[in-house]
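**Q** got a sequence here, can you model it:
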Amino acid sequence: MHVGTLNFLVRRLPGDKRPLAELYRDAIDLIVRTEKLGFDFALSGEHHFMPTQWNPSPLLLLAAVAQHTSRIRLGTNILITPFYEPVHLSEDLATLDILSNGRLDVAFGSGSITFEFETFRIDPRERTGRMWETMEIVRRSFSEEEFDHRGKYFKIPHLRQTTKPLQDPFPIWYGGFGPRNLERAGREGYHLQAGPGAPVEHYFSGLRAGGRSPEDTNVGCWGPPLHVVATEAELPSERQLARKLAEVRSREYSAEGRDVAFGRGGAASAFPDPVVGTPEQVVEALTPMFEKSPYTHLVLTILPGQLELFASKVLPTLRKWGRKPVPAAGSITAAGSRREN
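**A** Numbering: from 1, shown residues only. Here you go, the predicted structure:
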């Protein structure tokens, strides 16, 4: 199983007073650290107009990170797809894959907050349909030389994308929760970035319905927020911090904070509680969740000051769990040959 981190902390935690320029510089430095520590991937989320100043431009941020790293895979979790024009998006993704030397993964999602849709002038009732249609256009633009597209939301004549990504096939992921969308993602052969508590059995059912093998796709899952401390004496204060951060997270991922996605309840309540403990205690808590799981990728949120301890004492065990990831198509070396990521 591959293990990576989410969000780079490009949003303000309580009490963070850093200027925005420093916040972004520190985020890039953080990914450089995670690469040196052996993590497999780093993912950036996307949200707009948030009081926490959550990063609204994940592709720009990933392009900057790509210039400071060389091995770690970079991706979105998730790209709020209804806000993008698909032709420009496909060209931007191809360019970013080239700039990262074939290290890009993109998880597409449908969005979750009404006010974002209002400001972007997109009807939230169209969000799922726009997402699937955009994913189809992006996939075809990478795999076909020329085609016409006539869909419900986009009519694109004579699409002939001449800038292609290095990866062939390019890894396209669906990121979300609902059973019908999970089944469709499997049926159409996309990789899956599952939200916490998502019924992934529907995804595997979709794979079978589409005549596809689970061994040909990657399945990622968000793990619980982790707080790893060296000694048990540190546990009381760390638990207090974990509760504080969990309260912030609970407000963000609630029926009010994510009203489009969770307005009817359901998935919001499935977000896991934080795991707080020594390395041994953290491994023990995660074992029933992931050791024999169907997942190939585990997405974690870890505080920057605890990365080294986690990497040395927990990461080696987690990487033995779950399923072996499907290899990426490879990147191009300086000599022009292809290598596996």
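
**Q** run through the residues that contact the residue nearest to residue 210 when sequence neighbours are not counted.
**A** Leaving aside its sequence neighbours, residue 210 sits nearest to residue 187 (Cβ to Cβ, 6 or more residues apart in numbering; 4.0 Å). Backbone N, C-alpha and C define where each C-beta goes, glycine included. Applying Cβ atoms under 8 Å, 6 or more residues apart in numbering, we find residue 187 in contact with 206-207, 209-210, 212.

**Q** helices or strands next to the host helix or strand of residue 5 in the packing?
**A** Residue 5 belongs to strand 2-6 when assigned by DSSP states H and E. Judged by 3 or more Cβ pairs under 8 Å, 6 or more residues apart in numbering; DSSP states H and E, strand 2-6 is in contact with helix 20-36, strand 41-44, strand 73-80, strand 297-300.

**Q** using CSV, please lay out the ones you listed together with mean neighbour count and mean pLDDT.
**A** Below are these laid out as CSV (neighbours: other Cβ atoms under 10 Å; pLDDT from 0 to 100):
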stretch, mean neighbour count, mean pLDDT
helix 20-36, 16, 95
strand 41-44, 25, 96
strand 73-80, 25, 96
strand 297-300, 24, 96
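
**Q** so which of the ones you listed comes closest to residue 116?
**A** strand 73-80 (7.1 Å; Cβ to Cβ).

**Q** hmm, who's touching that closest one?
**A** Identification of contacts with strand 73-80 by Cβ under 8 Å, 6+ apart yields 2, 4, 6, 31, 40-48, 58-59, 62, 65-66, 100, 103-111, 116, 173, 175-176, 193, 299, 328, 341.

**Q** also stretch 189-204?
**A** Defining contact as Cβ under 8 Å, 6+ apart, one finds that stretch 189-204 is touched by 77-78, 105, 107, 135, 171-177, 179-180, 182-183, 185-186, 207, 210, 212, 214, 216-222, 224, 267, 269-272, 294-295, 297, 299, 326.

**Q** cool, and stretch 222-236?
**A** For stretch 222-236, the external contacting residues (Cβ under 8 Å, 6+ apart) are 6, 194-196, 238-239, 241-242, 245-246, 249, 272-279, 282, 286, 289-290, 298-303, 306, 309-310, 313-314.

**Q** what about dumping the CA coordinates of that stretch to PDB?
**A** Provided in PDB are the C-alpha atoms of stretch 222-236 (Å, rounded to 0.1, in the frame of the first residue of the first chain):
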ATOM      1  CA  TRP A 222      -8.900   8.700   3.700                       C
ATOM      2  CA  GLY A 223      -7.600   7.500   7.000                       C
ATOM      3  CA  PRO A 224      -8.300   9.100  10.400                       C
ATOM      4  CA  PRO A 225      -6.300  12.200  11.400                       C
ATOM      5  CA  LEU A 226      -3.200  10.900  13.200                       C
ATOM      6  CA  HIS A 227      -1.500  12.300  16.200                       C
ATOM      7  CA  VAL A 228       1.800  10.400  16.900                       C
ATOM      8  CA  VAL A 229       3.800  11.100  20.000                       C
ATOM      9  CA  ALA A 230       7.000   9.600  21.300                       C
ATOM     10  CA  THR A 231       5.900   8.900  24.900                       C
ATOM     11  CA  GLU A 232       2.700   8.300  26.800                       C
ATOM     12  CA  ALA A 233       3.400  11.400  28.900                       C
ATOM     13  CA  GLU A 234       2.600  13.500  25.900                       C
ATOM     14  CA  LEU A 235      -0.800  11.900  25.300                       C
ATOM     15  CA  PRO A 236      -3.100  14.100  27.500                       C
END
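
**Q** the bottom helix or strand of this structure by mean pLDDT?
**A** strand 338-339 (a mean of 43; mean pLDDT, DSSP states H and E).

**Q** quick one, phi psi at the residue nearest to residue 210?
**A** phi -60, psi -40 (degrees, to the nearest 10).

**Q** residue 304 now?
**A** Backbone torsions for residue 304, taken as degrees, to the nearest 10, come to phi -50, psi -40.

**Q** so it sits against residue 31, correct?
**A** No. Between residue 304 and residue 31 there is no contact under Cβ atoms under 8 Å: 10.7 Å.

**Q** overlap in contacts of the two?
**A** Shared contacts of residue 304 and residue 31 (Cβ under 8 Å, 6+ apart): none.

**Q** with adjacent residues omitted, what lies nearest to the residue nearest the centre of the chain?
**A** Per Cα atoms, centre = their mean, the C-alpha nearest to the average position across the chain is that of residue 77, at 2.5 Å. Nearest residue to residue 77, sequence neighbours excluded (Cβ to Cβ, 6+ apart): residue 43, at 3.9 Å.

**Q** right, and that neighbour touches residue 6 too?
**A** Yes. Shown here, residue 43 and residue 6 form a contact pair, counting by Cβ under 8 Å, at 4.9 Å.

**Q** anything in contact with each of the two?
**A** Residues within reach of residue 43 and of residue 6 at once, by Cβ under 8 Å, 6+ apart, are 77, 299.
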